[in-house]
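Engineer: dropping a prediction and its sequence here:
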Amino acid sequence: MTKNQKMTNVRWMICSLLFFATTVNYLDRQVLSLTWKDFISPDFHWTDADYGIITGYFSLIYAFCNLFAGKFIDWMGTKKGYLWAIFIWSLAACLHAACGWATVQCVDGIDSVAALHTLEAGSAVALSVASVSVWLFFGCRCLLALGEAGNFPAAVKVTAEYFPPKGRAYATSIFNSGSSVGALIAPATIPLIAEYYNWETAFIVIGALGFLWMGFWQFLYKKPHENPRVNAAELAYIEEDAEKSALAPAAEAPKEKGISYLKAFSLRQTWSLVLGRVLTDGVWWFFLFWTPAYFSDQFGYKTSSGMGMALIITLYAIVTFVSIYLCKLPTYMVEKRGMNAYEGRMLSMFFFACLPLLAFGAQPLGVYSAWWPAILIGLACAGHQAWSANIYSCVSDMFPKSCIGTLTGIAQCAAGLGSYCVNIFAGKLFTYADGMGEAFTFLGYSGKPAGYMMVFCYCAIAYLLGWLCMKSLVPKFKFVKL
């Protein structure tokens, strides 16, 4: 390497692949939330509780799969592990399209998918259709959860391979923004596909994108020291944590040891990550799964209407661009204020945890315009995305590279458990509140609006609770040595 050799930027090409994989991941996840209320529910006669069961148990299976997905990625390696993950979830996404046909085969007296829509609501056949279809969709969601569980453990591990600690939070925010970009693209495309074709086509078209990504990953990805596109200057930058990082005083041994679950759960650092995720990720998934229904229920804007699409696109545009800029804050704390990465990250995360407090105002200001909830929920979710990116980076800060997949899987498992609790509760709460009408009240609201207000209150305070737990368990940085 010459002294002034210009650094290549292969790490950002790899980061862009992680970004696109995460975008596809969230597109696949969003198809159901953007079609169930206005397209799928009329066919299968679902209630909010039915949808809550599907999303809640999807989260539970996702949580369970994450326990093993991280280990799988550590064992299989990032290249093959990622390929398997996206193949499984893309196949599962496409299989959703067959649920209508499968329901017809399972329910007597129905001769076509079109006949499902004409059934009398509340009839025995309609109830049977609802029950069968819920379980069929649940089966597809289980397979989707199995594949999607591999995305973040693989992406975080690749980020640790290609970026030194000081750059990981920003790189993570870039690929993690794929979740909000996916959620941004989804309302502009999925309802239109469902409107002009059918909801089955939406699942197939979006699901097929993952198979396209697999070709690029197979061709472009290699570990940094094996990648001929990475020059010596870039490799030196990537590996500078072994020499300069305050987080890891000495270079890790070439042959790194893994970590057992027993060892992992004996560490305060692990429980810090677990509580930071279980208390907060349900908020993000609640808004992801329920916001389209919220605008339809409370304001009458279908997801395929111009106003419905504009509200959701605006919400996720705020999430996407605000969260990326927020994630520059930890770098500022380290480079300009002289903090170590963990101190700067935790101080930044306190600020991020305060942004969701804006959710308190979503329902009250909604009486003036639907734009207020869209803006406030968008800012709250931007805080989540910045929070989430930094929790992922906490894993690579505190643990050796050899066990990042495992620890990320454990953290993702906690996230899925949190999402399960929030979504199951929300589905049952909304069905109950809607049935009770004026008899169900909360903070001046009645019926389903009272239910939404109740959930929004939890969303507002969840991150401060998570931050307090994390700071209590790990008040100062301590690197885990195996």
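Structural biologist: That came in fine, so what should we check first?
Engineer: which other residues reach the one helix or strand in the chain whose mean pLDDT sits lowest?
Structural biologist: Lowest on mean pLDDT, DSSP states H and E among the helices and strands of the chain sits helix 329-335, with a mean of 76. The set of residues external to helix 329-335 that reach it, using Cβ atoms under 8 Å, 6 or more residues apart in numbering, is 166-167, 169-170, 339-341, 343-345, 347-348, 351, 386, 390, 393. Glycine gets a C-beta too; all of them are placed from N, C-alpha and C.
Engineer: mind checking pLDDT for Q30?
Structural biologist: At Q30, the model reports a pLDDT of 86.
Engineer: mind listing what it touches?
Structural biologist: G182, A183, A186, P187, I190, L288.
Engineer: kindly provide the distance from the last one to T201.
Structural biologist: In this structure, L288 and T201 are separated by 22 Å, where distance is defined by Cβ to Cβ, to the nearest Å.
Engineer: cool, and V319?
Structural biologist: Distance, V319 to T201, using Cβ to Cβ: 27 Å.
Engineer: do A98 as well
Structural biologist: Counting by Cβ to Cβ, the gap from A98 to T201 is 12 Å.
Engineer: please apply the same query to L443.
Structural biologist: For L443, the distance to T201 - Cβ to Cβ - is 42 Å.
Engineer: before we move on, back to that, quick one: which of V319 and T201 has more around it?
Structural biologist: When neighbours are counted by other Cβ atoms under 10 Å, V319 and T201 differ, and V319 comes out ahead with 28 against 13.
Engineer: ok, now which ones touch the more buried one?
Structural biologist: Taking Cβ under 8 Å, 6+ apart, we find V319 in contact with S180, A183, L184, G378, C381, A382, Q385.
Engineer: redo that, cut-off 10 Å
Structural biologist: Contacts for V319 were tallied using Cβ atoms under 10 Å, 6 or more residues apart in numbering; they are 177, 179-181, 183-184, 284, 287, 377-386.
Engineer: wait, doesn't V322 sit right on L355?
Structural biologist: Yes. Using Cβ atoms under 10 Å, V322 makes contact with L355 at a distance of 8.7 Å.
Engineer: who has more neighbours, the two?
Structural biologist: L355 (22 against 19).
Engineer: nearest spatial neighbour of the more buried one, skipping sequence neighbours?
Structural biologist: Counting by Cβ to Cβ, 6 or more residues apart in numbering, L355 lies nearest to G383, which is 2.9 Å off, once chain neighbours are set aside.
Engineer: name the SS class of the one you found, please.
Structural biologist: helix (DSSP: H, G, I helix; E, B strand; the rest coil).
Engineer: pretty sure it contacts S323?
Structural biologist: Yes. G383 is in contact with S323 according to Cβ under 10 Å; the separation is 7.8 Å.
Engineer: so what's in contact with the two at the same time?
Structural biologist: In contact with both G383 and S323: F352, L355, using Cβ under 10 Å, 6+ apart.
Engineer: low-confidence stretches in the stretch 51-200 of the chain?
Structural biologist: Along the stretch 51-200 of the chain, the model assigns pLDDT under 70 to residues 169.
Engineer: just give the number of residues close to the closest residue to F216 other than its chain neighbours.
Structural biologist: Nearest non-adjacent residue to F216, counting by Cβ to Cβ, 6+ apart: L17, 6.3 Å away. By other Cβ under 10 Å, the residues close to L17 number 19.
Engineer: quick one, strands of the chain?
Structural biologist: For the chain, the strands defined by DSSP state E cover 441-442, 445-446.
Engineer: out of those strands, nearest to V31?
Structural biologist: Proximity of the strands of the chain to V31 was assessed by Cβ to Cβ; the nearest stretch is strand 445-446, lying at 30.6 Å.
Engineer: could you list the residues in contact with the closest one?
Structural biologist: Residues contacting strand 445-446 (Cβ under 10 Å, 6+ apart): Q363, P364, A433, M436, G437, E438, A439, F440, G451, Y452, M453, M454.
Engineer: which ones among those lie within helices?
Structural biologist: Among those, DSSP state H puts Q363, P364, A433, M436, G451, Y452, M453, M454 in helices.
Engineer: can you say which of the residues you listed are buried?
Structural biologist: Among the ones in helices among the contacts of strand 445-446, those scoring as buried are Q363, P364, A433, G451, Y452, M453, M454 (criterion: 16 or more other Cβ atoms under 10 Å).
Engineer: would you state the helices of the stretch 101-250 of the chain in chain order?
Structural biologist: Assigned by DSSP state H, counting those that start in this stretch, the stretch 101-250 of the chain shows helices spanning 124-148, 151-162, 165-196, 199-220, 232-238.
Engineer: grab the nearest non-local neighbour of K37.
Structural biologist: K37 sits nearest to A293 (Cβ to Cβ, 6+ apart), 4.8 Å away.
Engineer: what count of nearby residues applies to the one you found?
Structural biologist: 21.
Engineer: so what's it up against?
Structural biologist: S33, L34, W36, K37, D38, S41, D48, Y51, T303, A426, F430, Y452.
Engineer: what about 8 Å?
Structural biologist: S33, W36, K37, D48, Y51.
Engineer: how about W372?
Structural biologist: Neighbouring residues of W372 by Cβ under 8 Å, 6+ apart: G361, A362, L365, G366.
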